[in-house]
Structure formats: C-alpha cells, structure tokens
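J.: Model the structure of this input:
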Amino acid sequence: MEDEINTNGDTMLDFEDSDEGMLLPGAEVDGPSRGRIGNIQNAFGSFLKRRTCACKHPITSFFTLFWKVLTLVVFSITSSWVLNTNFVTRFIITVILLAIDFWMVKNISGRILVGLRWWNEVNEDGESSWRFESKDDRENIDPIDSTLFWVSLTVWPFIWFLFIIWNIVSLTYQSLLIILFALILSISNTIGYLKCLKDAKSKVTNLLFKGYVSYLNRQTNQSESS
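T.: A predicted model of the protein is given here:
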C-alpha cells in the first residue's frame, strides 16, 4: 500500500536559489573550504553562462546533462561492438555513473531547477510512502532551467528503452542487465517527480480555493453587518 504525503514544517528543505548549494557527493565541507568552493562554483557558473546559455543555474544545468552524456559515452564505447571491454568492468563503471546521475537529479537538480524534491519511505510494517517537498514561490522558477530539467528527465528513460529494442533486434543481450538497471533508476526519478509536480499543483489549487472561500466569507460578513 502506498501513501502520498506532502511534508511541511521542520522537514522542509531549504530551496536555495543559487548554484553554490550544489556540491557533489562527498563534497560537504564547512568554513573557509566551503567559501573557496563557492567562489570556484560561482566563477565556473559565470563562465558557463557566458559560453552556453542564459539559464539561471548554469552549474546545476551543466551537471544535470553532463552525467547523462558521460554515461552514454562510456556505455557506448565499452560495448562489444566498439571496444572489447570486460563486462564486469563495464558494468561497474556504468552503474556508478548511473547512480551518480540518479543522485544528482533526485537530490540537487530537482530542488534547484524546479523547486521539487521527492523520496520514498518504507515503514516498519513494510508499507511504502511517497513524500514530497515543493518550493512555495514557484513563480521565480527559471523557464530555461525548468525546460532543461523536464526534457532531460523524460527523455532519459526513453533513450534506454531504445537501447533495449536495439539489443533485441541485434540479438545482443549482454548489455540488457545494465539497460534494465538504467531504466529502473530513470523511471523511478520520472515517476517521483511527476507525482511531486502533481502534489505541488494540488497544493496551489487548495491555497487558491481557501483564499477564494475566505474572500466570500468576508464579503458575506460585510453584507450582513451593513
């Protein structure tokens, strides 16, 4: 049984409006070191902004695509029909890159680019619960960041689905285990964020409805008092 829960209060994330909050796994540092890393990230972000696009968060956007492109390159060049690489080595390297991409999109890209975050919890009874967080001020989300995030999120599982078709047609099944793992991770992220977006929209709708009801009540009270 799965429950959908919108978290509020103490568990709410700080939806930072800057790329400075984007650190790779294991890069959580404090004090002067964090300041230096922040300066490097700002300089790198300014360089990307000048050289690539006018997106609001160039560093996060860059790494959102970077890990996907790197995974596809490594997966392709280490395949048996391009470079004869040991399957175990190829599997380990590709799975690590897929896991980094999954972590990046789930914990950083969604939070910074579209103001969303999801996760799934399993309680002691074995019941699964979807939990969602969303940024309250969604009007400030950059449209370029949003488009890049949603396009890359939805296209990613489709690419791996094409790889499955290619492997079946070409009768090469060695890579199916890697592709299935990639599909599981990519589809999980896609479903999670679509549920999270639906939850955020319903929350906005509820706020608008409550505001409208409150307005009607005030108008009614004013009419009765007059």
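J.: Low-confidence bits of this protein, can you list those?
T.: Residue ranges of the chain with pLDDT under 70: 1-54, 80-84, 138, 202-226.
J.: That one: helices as residue ranges?
T.: Assigned by DSSP state H, the chain shows helices spanning 31-51, 58-77, 87-104, 110-113, 143-169, 176-225.
J.: Let me know the angle separating the third one from helix 58-77.
T.: Comparing the axes of helix 87-104 and helix 58-77 via axes from the mean of the first three to the mean of the last three CA atoms, to 10 degrees yields an angle of 160 degrees.
J.: Next, the angle from helix 87-104 to helix 143-169.
T.: Using the same axes, to 10 degrees, helix 87-104 lies at 150 degrees relative to helix 143-169.
J.: List the buried residues in helix 87-104.
T.: Going by neighbour count (16 or more other CB atoms under 10 Å), the buried part of helix 87-104 is Arg90, Phe91, Ile93, Thr94, Val95, Leu97, Leu98, Ile100, Asp101, Phe102, Trp103, Met104. Where you see a C-beta, it was placed from the backbone N, CA and C, and this is true even at glycine.
J.: With respect to Thr147, which of those residues is nearest?
T.: Of all these, Thr147 sits closest to Met104, with 17.8 Å by CB to CB.
J.: ok, now how distant is that closest one from Ser146?
T.: Relative to Ser146, Met104 is positioned 17 Å away (CB to CB, to the nearest Å).
J.: these two touch, right, Gln174 and Phe87?
T.: Yes. In this structure Gln174 lies within contact range of Phe87 using CB atoms under 8 Å: 6.2 Å.
J.: Need the overlap of contacts for the two.
T.: Here Gln174 and Phe87 share no contacting residue, scored by CB atoms under 8 Å, 6 or more residues apart in numbering.
J.: if we can go back for a sec, quick check, nearest of the buried residues of helix 87-104 to Thr64?
T.: Among the buried residues of helix 87-104, and counting by CB to CB, the member closest to Thr64 is Met104, at 6.6 Å.
J.: which residues touch the residue lying closest to Ser188 once chain neighbours are set aside?
T.: Nearest non-adjacent residue to Ser188, counting by CB to CB, 6 or more residues apart in numbering: Phe102, 7.6 Å away. Applying CB under 8 Å, 6+ apart, we find Phe102 in contact with Leu185, Ser186, Ser188, Asn189.
J.: Need the nearest residue in space to the first one, chain neighbours excluded.
T.: The reference is to Leu185. Using CB to CB, 6+ apart and skipping the chain neighbours, the partner closest in space to Leu185 is Phe102 (4.5 Å).
J.: Kindly report the same for the second one.
T.: If the residues on either side of it in the chain are set aside, Ser186 comes closest to Pro157, at 3.9 Å by CB to CB, 6+ apart.
J.: Hmm, Ile184 and that neighbour touching each other?
T.: No. In terms of CB under 8 Å, Pro157 does not count as a neighbour of Ile184; the distance is 9.3 Å.
J.: Between the two, which is the more surrounded one?
T.: It is Pro157, of Pro157 and Ile184, that has more neighbours when counted by other CB atoms under 10 Å, with 19 against 14.
J.: Distance check, the more buried one against Thr78.
T.: Between Pro157 and Thr78 the computed distance is 21 Å (CB to CB).
J.: next one: Ser128
T.: 35 Å.
J.: Make JSON lines from the buried residues of helix 87-104 and add distance to Glu139 to it.
T.: Below are those laid out as JSON lines (distance: CB to CB, whole Å):
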{"residue": "Arg90", "distance to Glu139": "45"}
{"residue": "Phe91", "distance to Glu139": "44"}
{"residue": "Ile93", "distance to Glu139": "42"}
{"residue": "Thr94", "distance to Glu139": "39"}
{"residue": "Val95", "distance to Glu139": "39"}
{"residue": "Leu97", "distance to Glu139": "35"}
{"residue": "Leu98", "distance to Glu139": "34"}
{"residue": "Ile100", "distance to Glu139": "31"}
{"residue": "Asp101", "distance to Glu139": "29"}
{"residue": "Phe102", "distance to Glu139": "29"}
{"residue": "Trp103", "distance to Glu139": "28"}
{"residue": "Met104", "distance to Glu139": "25"}
